[in-house]
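Q: Next one to model:
(one chain, ligands or ions: 1)
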Amino acid sequence: MAFHTNDLARGDEHLVALRALKERYPYMFIAPNIGHDFYRGWLADFIIACDDIDRLLGDNKRGFHFRQVKEKLGWARYYWRTEKVKPLRLSLFMNGGVLERQHGLESADDVENQISQVLLNAENSSRQKCIVCSEPAESRSFGGWLVCTCERHSPSLIARDDLLHASLLREAAK
Ligand SMILES: [Zn+2]
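A: Model prediction:
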């Protein structure tokens, strides 16, 4: 692989790993999508999940792609589709907690159910890992803002904008 001397990803191992992932499985990241936000602390688990999904799909990729990747309420969300299955996610706010529901898997087969589980596992893992550095963490509320960070990256020490800047992987503008 050739690197340009002005390549901003040079030396940024997370960005390099993310680019390699997109080159390995371009079908997962095609348009149309409604946005892919990747976070440093959760990237390793996401890459493992994508490797698992590619293996589960085998030769027939079924139109699988990520509709949206983002952080919501302090943990990762990986919204996906195939040609046949279009899961719908709902977050229900109840008694001060959040109940997460997934619909639209009624017609899913074994492969699609396993994909669903792989991504739910990756999401659950993000609830216990710092969004910046992957160290053990738990989701806490800071003035109503739910965020999952270790002590070192606590919003009580770092301003919100700086925290987002430190955790979100941004590609250089073309
Ligand atoms: Zn951290």
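Q: Get me the contact residues on the protein for the ion.
A: Proximity of the chain to the ion, by C-beta under 5 Å from the ion, involves residues Cys130, Val132, Cys133, Glu135, Cys150, His153. Any C-beta I mention is one placed from the backbone N, CA and C, and that applies to glycine too.
Q: From the residues you listed, list the buried ones, please.
A: Buried members of the residues of the chain next to the ion, scored by 16 or more other C-beta atoms under 10 Å, are Cys130, Val132, Cys150, His153.
Q: Apart from its neighbours in sequence, what residue is nearest the last one?
A: Okay, so that is His153. If the residues on either side of it in the chain are set aside, His153 comes closest to Val132, at 4.4 Å by C-beta to C-beta, 6 or more residues apart in numbering.
Q: so that neighbour makes contact with His14?
A: No: using C-beta atoms under 8 Å, Val132 makes no contact with His14, being 10.5 Å away.
Q: Give me the common contacts of these two.
A: Residues touching both Val132 and His14 by C-beta atoms under 8 Å, 6 or more residues apart in numbering: Arg40.
Q: So Val16: helix, strand or coil?
A: Under DSSP: H, G, I helix; E, B strand; the rest coil, Val16 falls in the helix class.
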